[in-house]
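Novice: Give me coordinates for this.
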Amino acid sequence: MIRGEIHRILVSQPMSAQPYDAWKPPRVLLLGGERIQITAHMDEFSHVVERWQFSETDVRWYRLEKWDERRVSIKVPQRAAVA
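Specialist: So this is what the prediction gives:
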């Protein structure tokens, strides 16, 4: 079974970030019911990054990566004792 998951990796603010509308960011609420403003951008290396604005001074940037889990079988030679 192949299952892909999106991982968010905290990065520093990109040098140039252009708005990116092909990625729909999630809608996140804090425990108090306050909504976090999240926007999607494309950085200078063509990576999709999300800008999470928790408050006026707390802005965090996350790079998105997709991880796939796959089962791989490998044949390993076994040693047998010589009688």
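Novice: Distance of A40 relative to L64?
Specialist: Distance from A40 to L64, counting by C-beta to C-beta, to the nearest Å: 9 Å. In this view, the C-beta of every residue, glycine as well, is placed from N, C-alpha and C.
Novice: same deal with E56?
Specialist: Noted for E56: a distance of 25 Å to L64, by C-beta to C-beta.
Novice: more crowded one of those two?
Specialist: L64 (15 against 6; other C-beta atoms under 10 Å).
Novice: picking that back up, identify the contacts common to A40 and L64.
Specialist: Residues touching both A40 and L64 (C-beta atoms under 8 Å, 6 or more residues apart in numbering): W23, V48, V49, E50.
Novice: Just give me the neighbour total for the third one.
Specialist: If you count neighbours by other C-beta under 10 Å, V49 ends up with 22.
Novice: what is it paired to in the beta sheet?
Specialist: H41, R63 (DSSP bridges).
Novice: Generate a ChimeraX selection restricted to the buried subset of the shared contacts of A40 and L64.
Specialist: Buried residues within the shared contacts of A40 and L64, by 16 or more other C-beta atoms under 10 Å, are selected in ChimeraX with:
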select :48,49,50
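Novice: of all the shared contacts of A40 and L64, which two lie farthest apart?
Specialist: W23 and V49 (9.5 Å; C-beta to C-beta).
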